[in-house]
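> quick one, structure for this:
(2 chains)
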Number of protein chains: 2
Amino acid sequence: MSDIAPTPEPPYYAVIFSSHRTAGDKGYDDMATRMVELAAQQPGFLGIESVKEDLGITVSYWDNLESIKNWKKNTEHLEAQRLGHQQWYSHFRVRIARVERDYGI
Amino acid sequence: MSDIAPTPEPPYYAVIFSSHRTAGDKGYDDMATRMVELAAQQPGFLGIESVKEDLGITVSYWDNLESIKNWKKNTEHLEAQRLGHQQWYSHFRVRIARVERDYGI
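Alright, predicted model coming up:
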C-alpha cells in the first residue's frame, strides 16, 4: 500500500504548496479535506500527496497548466484561498513546476 | 520563523522525493540528517523542505539539472541511495521538475 500519487509518464505538472499554519483550527481541517475532494474532481487532476507537521507540504499533480489555472479560479477554492491568506497560514509558498523525469520503486 | 526554503526567482529546479519507509530505523535517521547536511554543501543547492509522517515528502531545490546530476552521483549519496533501495523504503518516487512560477506570503 502506498499513497504516493500514481502519476503517468512525464511531462506533467506539480503544484508544490509549502505552508506554516497559524495557531488554532478555525475551520481549517474541514476545508482542507473538502479541497482535496474537490481538487480530485477537477479536469486534469492526476493525484495529490500531503504531509503536515510543523511545516506542511502538499503536492498536487496536473496534466497541464490550463488545469492548474482552472483549479485556482474554482469558486470554492477561491474562498479557501482567501481564508488561507487571512487566517490559516503565517507563511506559504506555491511553486508551479513541470515534471520532466521520474523514477522509483 | 519559517523553514520554507528561501528560493530565488524562477526558473530553478525541484526534486520531489515521496517515500514510504519500511519498519525500523536501521540507521536511517542518521543517514537522513547527514544527507541534508551534505546536500546543502553541493554547488547549486538552493534549499530543502522535508516532512515525514507515514508518507514522507522531501523537496530539494537546485539551480539547474547539472547540479542535480552531480548530487545524484556524489559518492556518499550513492551509498545512501543503495541502502534506501535495499532497506529503508518500501516505495518511493523521485520527480525532477522545473519550477516555472512561484508566489506566497
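
> partner strands of the helix or strand A:Phe17 falls within and their direction?
Using DSSP states H and E, A:Phe17 falls within strand A:12-21. Take DSSP bridges as the rule and strand A:12-21 pairs in its sheet with strand A:55-62 (antiparallel), strand A:89-104 (antiparallel).

> mean neighbour count, those strands: which tops it?
Counting by mean count of other C-beta atoms under 10 Å in any protein chain shown, strand A:55-62 has the highest mean neighbour count of the strands paired with strand A:12-21, with a mean of 23. No exception for glycine: its C-beta is placed from N, CA and C like everyone else's.

> can the helix or strand harbouring A:Glu76 be found next to chain B?
Using DSSP H and E, A:Glu76 sits within helix A:75-83. No: judged by C-beta under 8 Å from any C-beta of the partner chain, helix A:75-83 makes no contact with chain B; its nearest approach is 11.1 Å.

> which helices and strands sit right next to that helix?
Applying 3 or more C-beta pairs under 8 Å, 6 or more residues apart in numbering or on different chains; DSSP states H and E, one finds that helix A:75-83 makes contact with helix A:28-40, helix A:65-72.

> out of the ones you listed, which comes closest to B:His85?
For B:His85, the closest of the helices and strands packed on helix A:75-83 is helix A:28-40, at 30.3 Å, according to C-beta to C-beta.

> other residues contacting that closest one?
A:21, A:45, A:48, A:50, A:60, A:71, A:74, A:76-77, A:80, A:83, A:87-88 (C-beta atoms under 8 Å, 6 or more residues apart in numbering or on different chains).

> now, of these, which are buried?
A:Arg21, A:Phe45, A:Ile48, A:Ser50, A:Ser60, A:Trp71, A:Asn74, A:His77, A:Ala80, A:Trp88 (16 or more other C-beta atoms under 10 Å in any protein chain shown).

> what's the separation between the residue nearest the centre of chain A and B:Trp71?
Central residue of chain A (C-alpha atoms, centre = their mean): A:Ser60, 4.4 Å from the mean position. Look at A:Ser60 and B:Trp71: by C-beta to C-beta, to the nearest Å, they are 26 Å apart.

> what's the answer for A:Lys69, then?
Distance from A:Lys69 to B:Trp71, by C-beta to C-beta: 32 Å.
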